[in-house]
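**Student:** Give me a model of this one.
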Amino acid sequence: MYTISKQFNFSASHIIEGLPDNHPCSRLHGHNYVVELTLSSETLNETGFVVDYNELVAFKKIINDILDHRHLNDVMQGSTTAESIAKFLYDQAKSIWKEVVSVSVSETPKTNAIYCP
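**Tutor:** All right, here's what the predicted structure looks like:
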């Protein structure tokens, strides 16, 4: 199995609904997110890639157009947790590349949420 990954960044604000008023995430706040897209294949394409890294510019465009410098509650349906963002981005990427296996989202250097069906 061959596996590749690439990291992407974006900044956005959000409020996590349904938390107690004294929870810090119930208030308007933001993060500098780090997203990692992982793709795998048992074989390589005719050029020797799982997917050419240059093709992944399409994923960056999705991030830039939909999430970057936005208020996530305005652009996503439902929850805006890191877990939900990972699933949202996984679905977007999977619609482009069958080789997508997971998306991870970090809100801080010490936290990470992964969506991997």
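
**Student:** Low-confidence stretches in the chain?
**Tutor:** Low-confidence segments of the chain (pLDDT under 70): none present.

**Student:** can you map out the strands along it?
**Tutor:** If DSSP state E is used as the criterion, the strands of the chain fall at 2-14, 29-41, 70-71, 100-106, 113-115.

**Student:** most packed of these?
**Tutor:** Ranked by mean neighbour count, the strands of the chain are led by strand 100-106 with a mean of 21 (mean count of other CB atoms under 10 Å). In short, each C-beta sits where N, CA and C put it, glycine included.

**Student:** Tell me the buried residues in the longest helix anywhere in the chain?
**Tutor:** Secondary structure of the chain per DSSP state H: the longest helix is helix 82-94. For helix 82-94, the neighbour count (16 or more other CB atoms under 10 Å) marks Ala82, Ser84, Ile85, Ala86, Lys87, Phe88, Leu89, Tyr90, Gln92, Ala93 as buried.
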